[in-house]
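> Turn this into a structure:
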Amino acid sequence: MNSLIINKSKNAINVAFSNSKMIVFLEDGRELSVPLEWFSKLRSATEKQLNNWRFIGNGQGIHWEEIDEDLSVESLLE
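The predicted structure follows:
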């Protein structure tokens, strides 16, 4: 029996925003787009606050100091 195991990275390499979505770019080439509406702190944040993020855990999470928000990439994928 042959098994194919696909190792998909769960680490982010960049984050961008549109008017209503956050786009997370993963190191394996995938792009994950999620509505800002899902996250009250992000939904209420200014453009400047949204763009003031940093990676935590080598890209396993995203942190916004000013609005006190942390998101894990793995949870966004679920």
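> Which positions in the helix or strand of the chain with the lowest mean pLDDT come out as buried?
In the chain, no helix or strand scores lower on mean pLDDT, DSSP states H and E than helix 73-77, which sits at a mean of 93. By 16 or more other C-beta atoms under 10 Å, the buried positions in helix 73-77 come out as Val73, Leu76. The C-beta positions use only the backbone N, C-alpha and C, and glycine is treated the same way.
> Determine how far it lies from the middle of the whole chain.
Mean C-alpha position of helix 73-77 versus that of the full chain (C-alpha atoms, centre = their mean, to the nearest Å) differs by 7 Å.
> got it, and stretch 22-38?
From the chain centre to the centre of stretch 22-38 is a distance of 5 Å (C-alpha atoms, centre = their mean).
> Likewise for stretch 30-50?
On the basis of C-alpha atoms, centre = their mean, stretch 30-50 is displaced by 9 Å from the centre of the chain it belongs to.
> First-to-last residue distance for that stretch?
By C-alpha to C-alpha, to the nearest Å, the extent of stretch 30-50 from end to end equals 21 Å.
> hang on, the earlier thing: now for the least confident helix or strand of the chain, which elements pack on it?
With contacts defined as 3 or more C-beta pairs under 8 Å, 6 or more residues apart in numbering; DSSP states H and E, the packing partners of helix 73-77 are strand 21-26, strand 31-35.
> Swap in 7 Å and give it another go.
Applying 3 or more C-beta pairs under 7 Å, 6 or more residues apart in numbering; DSSP states H and E, we find helix 73-77 packed against strand 31-35.
> I'd like the distance between Glu65 and Ile23.
According to C-beta to C-beta, to the nearest Å, Glu65 and Ile23 sit 21 Å apart.
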